[in-house]
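[1] need coordinates for the following:
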Amino acid sequence: MLERIDDLLSRWPAYRQMSGGDPLGRGTAARGHGTVDETARTLDADTVTKSVCPFCAVGCGQTIFAKDGRVTHVEGDPDSPISRGRLCPKGSSTLTLLTAPTRQTTVRYRRPYGTEWEDLDLDTAVDMIVDRVLATREQTWQDVDNLGRHLHRTMGIASLGGATLDNEENYLMKKLYTAMGAVQIENQARI
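    Okay, here's the model as predicted:
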């Protein structure tokens with residue numbers, strides 16, 4: 001009977017803390033019986049990749065764990081000087097973003113006046129975008145104004161960047177659109 005009571009008491013963390021060698025409850029006294037054989041779900045990952053959270057412009061670091069080519073876990077990167085291993089609720093949902101069964105993984109296109117979406121391969125989609133950008137630039141190009149001053153611009157292309165882009169992406173977009181001759185380049189952060 002005494003052994004049974006001792007066994008029951010040993011299951012309570014407070015009793016283990018007071019009777020064992022862990023008076024502060026930071027080691028074995030705090031460990032439950034069911035978790036002794038548990039291992040971290042990140043230990044069996046094949047690859048561990050450092051990344052950046054895709055949700056906003058803060059640029060919190062993430063560590064992405066994958067097994068057999070599939071993402072299994074996403075957590076904050078403790079080496080990141082920005083987030084120091086922490087993620088906000090949106091950043092913590094990155095795993096769901098990556099593994100949701102409803103996630104689109106192909107380029108979808110609906111033709112003008114069409115009612116159905118169709119899948120396109122990436123090369124075809126990029127070629128369509130390039131053709132349309134070049135055609136718009138050529139149709140709306142302004143070489144000189146009424147007074148003969150050189151403009152070298154297009155008013156048919158504009159850019160509005162968003163808060164999900166970081167500084168480097170916005171810098172590259174500014175360079176790209178300026179090289180194309182666009183002058184209407186704006187960002188949500190300035191508006």
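
[2] name the residues of stretch 92-105 that are buried.
    94-95 (16 or more other Cβ atoms under 10 Å). Backbone N, C-alpha and C define where each C-beta goes, glycine included.

[3] how long is it end to end?
    Using Cα to Cα, to the nearest Å, the end-to-end distance of stretch 92-105 comes to 21 Å.

[4] residues contacting the residue most central in space within the chain?
    Against the mean C-alpha coordinate of the chain, by Cα atoms, centre = their mean, the closest residue is Pro54 at 2.4 Å. Counting by Cβ atoms under 8 Å, 6 or more residues apart in numbering, Pro54 makes contact with 94, 97, 164.

[5] again, but for Leu160
    Leu160 neighbours (Cβ under 8 Å, 6+ apart): 186-188.

[6] can you read off the pLDDT for Asp22?
    pLDDT, Asp22: 71.

[7] picking up where we left off before, from the contacts of Pro54, pick the one nearest Leu176.
    The closest of the contacts of Pro54 to Leu176 turns out to be Thr164 (Cβ to Cβ; 17.3 Å).

[8] for that closest one, give its distance to Ser83.
    The spacing between Thr164 and Ser83, counted by Cβ to Cβ, to the nearest Å, is 16 Å.

[9] so after the lengthiest strand in the chain, what's the next helix or strand?
    Longest strand of the chain, by residue count under DSSP state E: strand 150-161. Scanning forward in sequence from strand 150-161 by DSSP states H and E, the next helix or strand is helix 167-180.

[10] which residues does that following helix contact?
    So helix 167-180 is in contact with 57, 133, 137, 154, 157, 159, 161, 165, 185, 187, going by Cβ under 8 Å, 6+ apart.
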